[in-house]
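# pasting the structure only:
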């Protein structure tokens with residue numbers, strides 16, 4: 001399977017008056033799903049604040065990974081695998 005590199009650039013507070021007090025931060029995740037790494041770069045007031053936003057980014061990306069993963073079941077998520085496993089057996093939401 002060909003790996004896809006996704007790079008997300010996020011500018012937080014771009015034109016605000018606080019822009020001068022912000023610094024650039026970068027983070028990379030190898031566990032955000034889709035069999036690839038995810039990178040996020042952005043401006044924020046502190047590394048802790050940026051890490052918080054990056055953590056949310058990782059969680060949301062992994063959630064989408066679970067929805068589109070056709071090889072594994074996940075508790076509480078009906079994804080493509082769930083549909084295929086139940087084809088012709090019964091309906092579900």
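All right, it came through fine. This structure is a prediction, so every number in the text was calculated from the model and none was measured. Numbers count the residues shown, from 1 in each chain.
# go ahead and report the secondary structure state at the residue nearest to the spatial centre of the chain.
In the chain, the centroid-proximal residue (CA atoms, centre = their mean) is residue 61; its distance is 2.0 Å. For residue 61, the secondary structure call by DSSP: H, G, I helix; E, B strand; the rest coil comes out as helix.
# which residue packs closest to it, ignoring adjacent ones?
Counting by CB to CB, 6 or more residues apart in numbering, residue 32 is the residue found nearest to residue 61 once chain neighbours are left out, at 4.2 Å. Bear in mind the C-beta positions are built from the backbone N, C-alpha and C, glycine included.
# assess the claim that the one you found and residue 65 are in contact.
Yes - using CB atoms under 8 Å, residue 32 and residue 65 qualify as a contacting pair, with a distance of 7.2 Å.
# more neighbours: those two, which one.
Higher neighbour count among residue 32 and residue 65: residue 32, with 22 against 18, using other CB atoms under 10 Å.
# for the chain, what spans make up the strands?
Using DSSP state E, the strands of the chain run over 6-9, 23-29, 38-44.
# I'd like those as a markdown table, with mean neighbour count and mean pLDDT appended.
Shown next, in a markdown table, are the strands of the chain (neighbours: other CB atoms under 10 Å; pLDDT from 0 to 100):
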| stretch | mean neighbour count | mean pLDDT |
| --- | --- | --- |
| strand 6-9 | 10 | 41 |
| strand 23-29 | 14 | 93 |
| strand 38-44 | 19 | 90 |
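# redo those strands as JSON lines? Include distance to residue 76.
Output for the strands of the chain, formatted as JSON lines (distance: least, CB to CB, whole Å):
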{"stretch": "strand 6-9", "distance to residue 76": "25"}
{"stretch": "strand 23-29", "distance to residue 76": "22"}
{"stretch": "strand 38-44", "distance to residue 76": "23"}
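# out of the ones you listed, which comes closest to residue 88?
Residue 88 lies closest to strand 6-9 among the strands of the chain, at 35.3 Å (CB to CB).
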